[in-house]
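J.: Mind looking at a prediction? Sequence and model below.
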Amino acid sequence: MNPRLKAAATDFLTLCAAGRAHEAFPKYAGATFRHHNPWFADDAKTLMTAMDDNAAQHPDKTFEILRTLQDGDLVATHSRIRMSPDQPEIAVVHLFRFEGDRIAEFWDIAQQMPENSPNRNGMF
């Protein structure tokens, strides 16, 4: 198991959240990178541009990776995002599949924190 994959996944996400996706993609995404975000066309350029646009539209966004797990060439992260201080928190799970040391496939699943959740454990 390549221990650098967890670091690559977290650095990729941190750069993208900070509006530096155009730096992150050439550094970490493979030539055959594909993603599964249903809101954007399936090519890397569209997702990269959308990530940078999101960061520009939300300059006060906070992003914190809470957990990172690895199983072979798969890496998963559990993160907390808030687009602005007055917006609810969002729990996000990112899944990465690596080929060698490059991201080959990427998924992201997000859920907004309910205002009045009966679950005292929360989402984080």
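T.: The structure has been received and is ready for your questions. The model shown is predicted, which means the values in this text are computed figures rather than measured ones.

J.: Can you tell me the element P118 falls in?
T.: Taking DSSP states H and E as the definition, P118 sits outside all helices and strands.

J.: Can you give me the distance of it to F25?
T.: 40 Å (Cβ to Cβ, to the nearest Å). For glycine as for every other residue, the C-beta is placed from the backbone atoms N, C-alpha and C.

J.: higher neighbour count, the two?
T.: Comparing P118 with F25 by other Cβ atoms under 10 Å, the one with more neighbours is F25, at 22 against 5.

J.: Please name the nearest non-neighbouring residue to that one.
T.: Among residues not flanking F25 along the chain, M48 sits closest, at 4.7 Å (Cβ to Cβ, 6 or more residues apart in numbering).

J.: same question, L66
T.: Nearest residue to L66, sequence neighbours excluded (Cβ to Cβ, 6+ apart): H78, at 5.2 Å.

J.: which residues does the one you found form a beta bridge with?
T.: With DSSP bridges as the criterion, H78 is bridged to R67, V93.

J.: What pLDDT is listed against it?
T.: Here, the pLDDT recorded for H78 equals 98.

J.: give me every residue that touches it.
T.: Applying Cβ atoms under 8 Å, 6 or more residues apart in numbering, we find H78 in contact with I65, L66, R67, T68, A91, V92, V93, F124.

J.: I'd guessed the third one sits against T77; true?
T.: Pointing back at R67 there. Yes: in terms of Cβ atoms under 8 Å, R67 counts as a neighbour of T77; the distance is 6.8 Å.
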